[in-house]
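Colleague: got a sequence here, can you model it:
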Amino acid sequence: MDPQAFIRLSIGSLGLRFPGKALNGKTGIQMLSSPCLCEIRLRGFPVQITSVPFITSPEAIPDSHSIASSFYLEESDVKALLTPGCFYTPHAYLEIIVFTGRKGSHCGVGIKRNQIGTFKLEVGPEWSERRPIILFNGWIGIGKSNGKPGAELHLKVKLDPDPRYVFQFEDETKLSPQIVQLQGTIRQPIFSCKFSRDRVSQVDPLSTYWSGSLDSADPETDRRERKGWRVKIHDLSGSAVAAAFITTPFVPSTGCDWVARSNPGAWLIVRPDSCRPESWLPWGKLEAWRERGMRDTICCRFHLLSEGQEGGELLMSEILLSAEKGGEFYIDTDRQVRAAATPLPSPQSSGDFAALSPVVGGFVMSCRVHGEGKSSKPLVQLAMRHVTCVEDAAIFMALAAAVDLSIDACRPFRRRVRRGNRHSW
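Modeller: Numbers count the residues shown, from 1 in each chain. Model prediction:
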């Protein structure tokens, strides 16, 4: 399998200081008592906002390994940034605007946001070289106070190659599609996906975990509960290399007609046991429920299961997806805070998830799905460093299938199923 080229732009080691007499007077007191934030801007990408800690000691230097923000760029993104006038300006920049205070109000009184200064870094040819490079590391003055040097910002800006494997389901998950790897215009079959809602045979190794019932394929049952769903991922030889199945049925919570946070449905993601043929080992658990509001969302929460962890579960991701439009489920240590940084076992191979620690972490996987009632063909991206064999990729395909099916499993139960509509549940 050949990966596609991506790069990771990381901004970290943030710190703010005011040398000399820059903090004297009322303005200095206000700065120290207000939260200090920064907007990180890169043309073509959403603005990211993060906090910037004050550095009070002249000798102190922020943690060089901390990462406050990351952008992931494809080759086409870099090409656009390097094209003069592509974004109506001669050159594209990474721009960091530092300010105190925040928009909003407190006790009815408006809070003013005061800009301290701006850091700008021009996008240059080195962005397309596909090699690790530190674009900036150290202190830099970003503002003036009464004509004199003012605030200084410490930051580290780095580019790293972040190659990924890109896969797509060729049809809706419930139609048991092929899964292909995308390499430019080439679509190379890698896996097949087998979805079923029937009760598993007692000779099937998955029967150890199965929560299905004889009437699980009955539409009337699906109006009261959704259970007995399973997905198996097969390699090109036909061998099952990963699976996902419902272990906790999706049922309406008391007093409502939807799956609520208090009683989520759950999937178990499993992989083959290399020591015992025809046996499976738990790898992860995906919980899903519906959040009601002006626009309903589906929350997907993923735990990695490990015998080496106390309690056996480690929260890796909790993402809200639009019930109407779908969205992107992802595992990314730069975008989510982890409770621990202990190395965890990989899906199948001798590799591990040590890279999930914030020091060398970042993107692990993403899965883009569509909303309710829409034909969804999940698009999956995997960081190459987490894939050392086909089985490693397969387990993430099973997770992606479970995320996609959870959109349907979390539909409100009061909706009547139209006869002859194969897409209704």
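
Colleague: what strands flank the helix or strand harbouring residue 72, and is each parallel or antiparallel?
Modeller: With secondary structure defined by DSSP states H and E, residue 72 is part of strand 67-74. Strands that pair with strand 67-74, judged by DSSP bridges, come out as strand 6-17 (antiparallel).

Colleague: give the rounded mean pLDDT of the strand it pairs with.
Modeller: Mean pLDDT, strand 6-17: 94.

Colleague: going forward can the numbers begin at 724, since that is how I track them
Modeller: Okay, residue one is now 724; in that scheme the one you just asked about reads as strand 729-740.

Colleague: picking that back up, how about residues contacting the strand holding residue 795?
Modeller: Taking contacts as Cβ atoms under 8 Å, 6 or more residues apart in numbering, the residues outside strand 790-797 that touch it are 727-735, 737, 763, 765, 768, 771, 773-775, 804, 850, 885, 1055, 1057-1058, 1081, 1084-1086. Backbone N, C-alpha and C define where each C-beta goes, glycine included.

Colleague: buried set for it?
Modeller: 790, 791, 792, 793, 794, 795, 796 (16 or more other Cβ atoms under 10 Å).

Colleague: what subset of the contacts of strand 790-797 is buried?
Modeller: 727, 729-735, 737, 763, 765, 771, 775, 804, 850, 885, 1055, 1057, 1081, 1084-1086.

Colleague: ok, so of the buried residues of strand 790-797, who is nearest residue 854?
Modeller: Of all the buried residues of strand 790-797, the one with the least separation from residue 854 (Cβ to Cβ) is residue 796, at 14.2 Å.

Colleague: the chain: helices as residue ranges?
Modeller: 748-756, 798-805, 942-945, 1113-1132 (DSSP state H).

Colleague: sorry, back to before: kindly export the strand holding residue 795 (C-alpha atoms) in PDB.
Modeller: Extracted C-alpha coordinates of strand 790-797, given in PDB (Å, rounded to 0.1, in the frame of the first residue of the first chain):
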ATOM      1  CA  ILE A 790       1.600  21.600  20.800                       C
ATOM      2  CA  ALA A 791      -1.200  24.200  20.800                       C
ATOM      3  CA  SER A 792      -2.500  23.900  17.300                       C
ATOM      4  CA  SER A 793      -2.000  21.800  14.100                       C
ATOM      5  CA  PHE A 794      -3.000  22.100  10.500                       C
ATOM      6  CA  TYR A 795      -2.900  19.100   8.100                       C
ATOM      7  CA  LEU A 796      -2.200  20.000   4.500                       C
ATOM      8  CA  GLU A 797      -2.500  17.900   1.300                       C
END
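
Colleague: run the angle between it and helix 798-805 for me.
Modeller: Strand 790-797 and helix 798-805 are oriented at 100 degrees to each other (axes from the mean of the first three to the mean of the last three Cα atoms, to 10 degrees).

Colleague: now strand 790-797: mean pLDDT?
Modeller: 91.

Colleague: among the buried residues of strand 790-797, which two are most distant?
Modeller: Top of the distance list for the buried residues of strand 790-797 (Cβ to Cβ): 791 and 796, 17.5 Å.

Colleague: which residue ranges form the strands in the stretch 1024-1148 of the chain?
Modeller: In the stretch 1024-1148 of the chain, the segments counted as strands under DSSP state E, counting those that start in this stretch are 1036-1045, 1050-1055, 1086-1092, 1102-1106.

Colleague: thanks a lot, see you next time.
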